[in-house]
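>>> no letters, just coordinates:
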């Protein structure tokens with residue numbers, strides 16, 4: 001028996017878009033639990049207004065709903081700042097013994113988690129409006145016009161926010177991060193021990209491998225095929241090459257079940 005029309009519409013709204021929406025929300029909150037909770041609320045609002053969903057540009061419409069909800073909930077000032085980030089990751093002497101003691105899959109996972117977490121924490125030092133502009137441009141890679149529409153602002157306002165965000169992120173990373181310049185002092189293997197101890201990343205148990213999908217080689221820092229330890233040099237390339245965060249694999253089905261109840 002075919003599913004009810006309501007369920008079919010709900011599935012067509014959620015299935016193609018929930019992972020990209022999760023990526024957007026996670027980058028703006030730096031919190032997997034909050035990202036999951038907010039995603040439920042976003043799709044609940046979308047379901048209430050499903051008749052308003054455009055046949056085309058549904059993703060932009062959903063991002064607009066997500067951005068409005070996040071604007072209401074996120075504090076106007078960043079919850080972290082560059083000084084706090086420096087103190088958390090760079091306030092202690094570097095150590096490489098932690099990385100050397102791990103198996104390759106564990107090491108790969110921790111280095112990838114640290115890069116993901118650090119890069120996301122950097123943009124979380126931005127005010128929410130600039131943060132959203134940076135994410136839709138460099139992580140979701142939307143062109144200017146739909147990016148501006150997704151944030152509910154004009155293209156000129158969007159470009160102003162994006163320019164400010166790029167400058168702040170660049171000013172912070174350019175003299176520090178090895179992914180921008182291999183001569184920079186901050187190197188992921190030397191920071192893993194501190195990041196684990198401070199709770200910045202979680203401890204890995206067992207043989208976890210990032211290479212579940214052999215067709216997508218992550219490289220040592222998740223930079224992709226042929227990019228082992230290669231600095232990307234450009235901020236856009238670093239953020240554009242970040243793998244998507246791993247949401248719970250059943251989250252889409254749970255969203256559909258919850259909203260169809």
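Nice, thanks for sending it over. Fair warning: this is a prediction, and the values are worked out from it, not measured in the lab. Numbers count the residues shown, from 1 in each chain.

>>> who touches residue 29 in this structure?
By Cβ atoms under 8 Å, 6 or more residues apart in numbering, the residues touching residue 29 are 35, 38, 70, 74, 124. C-beta here means a position set from N, CA and C on the backbone, and glycine is covered the same way.

>>> just the pLDDT for the last one.
Predicted confidence (pLDDT) for residue 124: 91.

>>> for it, grab the count of nearby residues.
By the criterion of other Cβ atoms under 10 Å, residue 124 has 21 neighbours.

>>> so, low pLDDT: which residues of the stretch 51-200 of the chain?
Applying pLDDT under 70 to the stretch 51-200 of the chain flags residues 93-104.

>>> follow-up on the earlier one: wait, which of the contacts of residue 29 is closest to residue 81?
residue 124 (9.2 Å; Cβ to Cβ).

>>> wait, isn't the closest one in contact with residue 26?
No. Residue 124 lies out of contact with residue 26 (Cβ atoms under 8 Å); the separation is 10.5 Å.

>>> now residue 234. Nearest residue, chain neighbours left out?
Spatial nearest neighbour of residue 234, excluding adjacent residues (Cβ to Cβ, 6 or more residues apart in numbering): residue 180 at 8.0 Å.

>>> confirm that neighbour sits in a strand?
No. Going by DSSP: H, G, I helix; E, B strand; the rest coil, the assignment for residue 180 is coil, not a strand.

>>> what distance do you get for it to residue 171?
As for residue 180, its distance to residue 171 is 11 Å (criterion: Cβ to Cβ, to the nearest Å).

>>> about what we covered before: pretty sure the residue nearest to residue 234 sits against residue 172.
No. Using Cβ under 8 Å, residue 180 makes no contact with residue 172, being 10.0 Å away.

>>> let me see the ranges of the strands in the protein.
Remark: no strands are assigned in the chain by DSSP state E.

>>> do a quick rundown of the helices in it.
5-14, 18-29, 32-48, 58-73, 82-90, 97-100, 104-123, 128-134, 144-151, 155-173, 188-197, 235-240, 251-260 (DSSP state H).

>>> starting at the chain centroid, how far to the longest one?
In terms of Cα atoms, centre = their mean, to the nearest Å, the centre of helix 104-123 is found 12 Å from the chain centre.
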